[in-house]
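> After the sequence you'll find the predicted model.
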Amino acid sequence: MSLVLSGVQKRFKDRDVLRGIDLEIPNGEIHALVGVSGSGKSTLLRIIAGLETHDSGTVTWEETPLDGVPPHLRQITMLSQSPLLFPHLTVGENVTLATPNRLSQEAETWLARVRLPGRYNAEIHELSGGEQQRVSFARALAASPRLILLDEPFTNLDPELKYELQRLIRDLVRELGLTALLVTHDREEAMLVADQVTLLEAGRVRASGTPQALAETESTFGDFVELDGKPYPSLHIEVTDSPTDDAVQLVRSFTRFGHRLGEYRRKQGDYVILPRHESFRDGETYYLRKRQGGI
Amino acid sequence: MSRSSLWLSLFVLALPFTGVAFLIHETVGFDWSELNDAAWRASLTVTLYVTIVSTVISLVIGTWLARSVYRRRSTWLASLLRWPMFVPHVAAAYLFYVLFSGGFPFYGLVEANERHHLVVILTYVWKEVPFVFLMVIGTYAQLNRGYVDMAKTLQLTPFEQFKVAEWPFLVKPLLDSFWVLVAFISFAYEVPALLGVTFPELLGVLAYERLTTGLFLNAYESYAVALIWTLFIFIGVIGSYAVTAKRRRRIERGVRR
Amino acid sequence: MSRLLVAGLILFPFIGLVLAFPARFDWDEAIGNTVVYVIVLGFVNVWLGIGTAWWLMFTDSKWKTPVEWFTFLPLFIPVLASMFGMYIALAPLGLVGTHIGVGLVLLVTTLPYSIRLAYNAMYVIGRPLLEQTLTLAPWSRFGLVLFPLLKETIRTIVLFSTVIVLSQFVLVQLMGAGLIPTVTTQIYQAYAGNDVSLALQNTWVLILVPVLLYVGLGGLFGIWIRLVKGRLQ
């Protein structure tokens, strides 16, 4: 085991933010922490980085406790929502700053790896948000960390840039054999990037497992649809034109990643997204039922 | 409404520039070699000494205090630093005079009027540290804490963290404060007249005395010195701003608040 | 412990004050002049400072940067030096020895600070929030929103201008041609002489004026805020 958290608790003023977190992340794993705002995930990340102290519990790396070790000696780097490139330095100088030997050639290599070759002398404001985030990532890697923390780094990017950066980070982290901990509220992001996922709810670990396993079993992680008073993963539901008790109206048709999908309005007034047959028409009524046979 | 305020302000603020223009006009035909006497030369030396020492100490302490308040969020310190601001400079000078005039509490350990101008420096430091604090704390209040956190996680030493996440943002307020203090201290009358010695006197004291006592001709000496000194400071201001302009512009464009 | 040390270092000069307290308090022309100058200049500094800072905040004019520099540069001109020049410039206009002349030069020394303080405060509040107030009529805008937002800044502007005014000896002596006594010019006579207790009593006055003004304004603004909140409910 590389990173081990045991019984970590944290209280801010009159609120318990973390209520005893247990987490184990082996070397080389990309682990995602998923939860809504206020679930304590960013606080946990800051505790691991050494930017906050916890009230009780232990944080150890390779069985060495990290308590009392200042952030700049932990070999743990962090990527934030905002790129936070130091504004008085050029793009390349920002990366050189983080390299152990302060060599610009090293920085150039890192910039090339994040697909920004030849941008060493560019000014920060000349880069787009996505490019700045890539520089920030290069900088975080250049510091030779043993663990990299990712605090919702894709939040401020538009969808296309987001996917591009998610793939880049996942591929590079795997290639370098790094251990990574990603914090996100986006289930899809966790599914795309992570090997293992932990769900945080109100400061506690709710469940842990592979993304696929959790999608099947956890209503806060997967897409679940209620049928006959019971939640089912949406993969287990089909939409047909054969009447059942559960009628829905197709409100909007669309396609995503080549799949035909539809937004349906249910009797209760809520909306649900499910597959759509090519014969379906907007405004018509269809019916939900549990999928027969296998998925 | 703000338009009328603007015009009035511009009119009022044009006066010191007009004053400088009149100084230039008055010193046309002035024999500048008259300034080459022992009194002015000694005055220049002691003025530079007092100004630089007071200014540098005030900047260092003021910045250090602002940093402490920012890091520890200590409101008590910020409140305490307001107290010297209620004391006019001339009153502060007198308070320090009393402290060092022989009785309690220093019992003549250092005299109020002595040639190293220690009490003058102390008075200015006491009064100017809160001013520097105010100028710098504004910058810290707007500083994105993320930069400091980022510097820590990039495994930089504490000194490097300061250098890369704080210092670039401090350059402007410190530059402003430096020149305001230099302009203020170097040509002042009230404080050094009370706490200084008869020779050498600081520039402002000597200039005022030559203007108001002695021969009418001496007035032109005072005008000439005032003009040179003002121009010297101006060149310093323009020069230092020009040198730092590129960096400051870069920071303004790249910073995320 | 370290807190005590720091507090001690900051407060120790006030020991001198403790040694004397005014036995009596005579109202004379000097105090009268001083109080009037302080109040009038406080008001004018707030009005012009905020007004000018507001223009700087909202203008898209190409003159913005030059004006900013223009308002800031006087801080780099030594007061005494500009005073020599202003004396030469204003003497032919008959302003030497007059209240207007003295008031004008005092305003010159205080206004740059006021504009700076006001601008910094507005910058921190942010243009978007200030823009919201433009939908209100001017008096409502100021009374209901801007004033409460800027009250601390206003107090600081008044404090700065007061303390600067109270510090001026040469300015008032030169421009006033010795005809306009203020507490500071009178005190200077006492300081230059050897009457320690008289000097200390006058020092009390010099410090009490800004303190009373600052505290008084705080109380006044507190009442105003309560009134505003009452009207909005």
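Alright, I've got the coordinates.
> can you give me the strands in the stretch 1-150 of chain A?
Remark: strands assigned in the stretch 1-150 of chain A by DSSP state E, counting those that start in this stretch are A:3-12, A:15-25, A:30-34, A:56-61, A:64-65, A:76-79, A:147-151.
> Please identify the most buried of those strands.
strand A:76-79 (a mean of 27; mean count of other CB atoms under 10 Å in any protein chain shown). In short, each C-beta sits where N, CA and C put it, glycine included.
> which bits of the stretch 101-250 of chain A sit near chain B?
Taking CB under 8 Å from any CB of the partner chain as the contact definition, the stretch 101-250 of chain A meets chain B at A:123, A:124, A:125, A:139, A:140, A:143, A:145, A:149.
> Tell me the pLDDT of residue A:293.
According to the prediction, residue A:293 has pLDDT 69.
> Domain ranges for chain A, per the record?
A:3-217, A:224-290 (automatic domain parsing).
> Out of the strands of the stretch 1-150 of chain A, flag the one nearest residue B:138.
Minimum separation from residue B:138 across these (CB to CB) falls at strand A:3-12, 27.1 Å.
> For ChimeraX, write a command that selects the buried ones of the residues of the stretch 101-250 of chain A next to chain B.
A single ChimeraX command is used to select the members of those judged buried by 16 or more other CB atoms under 10 Å in any protein chain shown:
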select /A:124,139,140,143,145,149
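> ok, so of the residues of the stretch 101-250 of chain A next to chain B, who is nearest chain C?
Chain C has its nearest neighbour among these in residue A:125, at 19.1 Å by CB to the nearest CB.
> Please state the offset of the lengthiest helix in chain A from the chain centre?
Identified as the longest helix of chain A according to DSSP state H is helix A:159-176. The chain centre lies 11 Å from the centre of helix A:159-176; the measure is CA atoms, centre = their mean, to the nearest Å.
> For that helix, list every residue counted as buried.
A:161, A:162, A:165, A:166, A:168, A:169, A:170, A:172, A:173.
> wait, the fifth one sits on residue A:134?
It stands for residue A:168. Yes: with contact defined as CB atoms under 8 Å, residue A:168 reaches residue A:134; the gap is 7.0 Å.
> still on that earlier bit, would you turn the buried residues of helix A:159-176 into CSV with pLDDT and distance to residue B:210?
CSV is the format used below for these (pLDDT from 0 to 100; distance: CB to CB, whole Å):
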residue, pLDDT, distance to residue B:210
A:161, 84, 70
A:162, 87, 73
A:165, 90, 70
A:166, 90, 75
A:168, 91, 73
A:169, 91, 72
A:170, 92, 78
A:172, 92, 73
A:173, 92, 75
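> Name the nearest of those residues relative to residue C:170.
residue A:161 (63.4 Å).
> Would you agree the closest one is in contact with residue A:129?
Yes: using CB under 8 Å, residue A:161 is in contact with residue A:129, at 7.4 Å.
> hey, what's in contact with both of these two?
Shared contacts of residue A:161 and residue A:129, defined by CB atoms under 8 Å, 6 or more residues apart in numbering or on different chains, are absent.
> Where is the longest helix in chain C?
helix C:196-232.
> Could you confirm whether that one reaches chain B?
Yes: Helix C:196-232 reaches chain B (CB under 8 Å from any CB) through C:196, C:199, C:200, C:203, C:206, C:207, C:210, C:211, C:214.
> where does the chain have low pLDDT?
Using chain A here. A:1, A:257, A:293-295 (pLDDT under 70).
> my bad, the chain I had in mind was chain C
C:19-26, C:231-233.
> again, 80 this time
For chain C, the stretches with pLDDT under 80 are C:1-2, C:16-28, C:132, C:134-136, C:138-145, C:188-202, C:228-233.
> count of residues packed around the residue in it that chain A sits nearest to?
Going by CB to the nearest CB, chain A is nearest to residue C:123 of chain C, at 17.5 Å. Each residue near residue C:123 was counted by other CB atoms under 10 Å in any protein chain shown, and the total is 15.
> ok, residue B:4 - how many residues close by?
Around residue B:4 there are 12 residues (other CB under 10 Å).
> Equivalent analysis for residue A:100, please.
10.
> Leaving out sequence neighbours, find the closest residue to it.
residue A:144 (6.1 Å; CB to CB, 6 or more residues apart in numbering or on different chains).
> For chain C, which segments count as helices?
According to DSSP H, the helices that chain C contains are C:2-11, C:15-18, C:29-58, C:64-72, C:79-90, C:99-125, C:127-132, C:138-140, C:147-167, C:170-175, C:183-192, C:196-232.
> so which of those helices gets nearest residue B:201?
helix C:79-90 (13.0 Å).
> anything in the closest one near chain B?
Yes: using CB under 8 Å from any CB, we find that helix C:79-90 touches chain B at C:79, C:80, C:81, C:82, C:83, C:84, C:85, C:86, C:87, C:88, C:89, C:90.
> count of neighbours near the nearest residue to residue B:186 once chain neighbours are set aside?
The shortest distance from residue B:186 to any non-neighbouring residue, by CB to CB, 6+ apart, is to residue B:51 (4.3 Å). Look at residue B:51: counted by other CB under 10 Å, it has 22 neighbours.
> One more: residue A:177?
8.
> Same check on the one 3 residues further on?
Burial of residue A:180 is recorded as 25 neighbouring residues (other CB under 10 Å).
> OK, contacts around it?
So residue A:180 contacts A:29, A:30, A:31, A:147, A:148, A:149, A:150, A:169, A:173 (CB under 8 Å, 6+ apart).
> and the residues you listed as a markdown table, adding distance to residue B:138?
Shown next, in a markdown table, are the contacts of residue A:180 (distance: CB to CB, whole Å):
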| residue | distance to residue B:138 |
| --- | --- |
| A:29 | 45 |
| A:30 | 42 |
| A:31 | 41 |
| A:147 | 37 |
| A:148 | 35 |
| A:149 | 32 |
| A:150 | 33 |
| A:169 | 37 |
| A:173 | 40 |
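> which residues in chain A form helices?
Shown for chain A, the helices assigned by DSSP H span residues A:41-49, A:91-98, A:104-113, A:129-142, A:159-176, A:187-193, A:211-217.
> between the contacts of residue A:180, which is nearest chain B?
residue A:149 (7.8 Å).
> how far away is the residue nearest to that closest one when sequence neighbours are not counted from chain C?
Excluding the flanking residues, the one nearest residue A:149 by CB to CB, 6+ apart is residue A:78, at 4.4 Å. Distance, residue A:78 to chain C, using CB to the nearest CB, to the nearest Å: 28 Å.
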